[in-house]
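K.L.:
Build me a model:
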Amino acid sequence: MTRQTLSLTFPILPGPASVQKVADDYGVLMPQRNIAIATVVVDKTGIVRFAHRAVFGDDNRPKLADILATLRTIKEAEAKGGAVPADPQAVLGAWHGTIDETEAPLRGKDGPERALVVESLNQQDGQWVGVVRYGRTPEHATPIPVVRVGVAESVTLLFDTQAGSRIRLALAPDRKTLSGTFAARGDILRKITFIKAEP
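P.N.:
The predicted structure is shown next:
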């Protein structure tokens, strides 16, 4: 079934299961199976190039300038015949990870397992920033409000935890793996790898 509005024809989703699947694909399905208010820009190839997911207390609207900047980037890249930068929205959602203990065990009682939940990504003044939760488990993950996001051939994340550790991650081409480094104060530089959680 389709519907036409403003001379655009688009499909209507047939039921709750379809709605939840699409919401999950776009990173706006919340843990309680509710759907967040979102604005999404999808390019001609079907890749999400901009998404703003409302966060509690947010005004629920992205800046128009940020949406227009995304549209300009897509148009300019297509006009030059070049590739559009990597899709930062691919990192949205829950990730399960492990800190490498091959060279030495981690100090403390936490163990190597970690959880990362990338809650939102937005463009601010032409730069991507995000909000994540990080911890031993999703239930114990604490918010980290400022995450620097790089967008070139791949998506990268850089953030400091509340314990003062610095984490750098890069999204693999399969879009299911984030890997990089974990640097805790007074410890060796370690590898850290996250796998995208199944919904």
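K.L.:
Helix or strand: which one has residue 116?
P.N.:
strand 113-124 (DSSP states H and E).
K.L.:
whoops, I mixed them up, residue 130
P.N.:
Using DSSP H and E, the element containing residue 130 is strand 127-135.
K.L.:
so for the first helix or strand past that strand going along the chain, what's the average pLDDT?
P.N.:
Next in sequence after strand 127-135, counting helices and strands by DSSP H and E, comes strand 142-151. Mean pLDDT, computed over strand 142-151, is 78.
K.L.:
do the same with stretch 170-184
P.N.:
86.
K.L.:
and residue 106, which of the three is it?
P.N.:
coil (DSSP: H, G, I helix; E, B strand; the rest coil).
K.L.:
Verify the stated contact: it with residue 112.
P.N.:
Yes: taking contacts as CB atoms under 8 Å, residue 106 lies within contact range of residue 112: 5.9 Å. C-beta: built from backbone N, CA, C; applies to glycine.
K.L.:
Quickly list what's touching both of the two.
P.N.:
Taking CB atoms under 8 Å, 6 or more residues apart in numbering as the contact rule, the neighbours common to residue 106 and residue 112 are residue 99.
K.L.:
I'm done for today, thanks for sticking with me.
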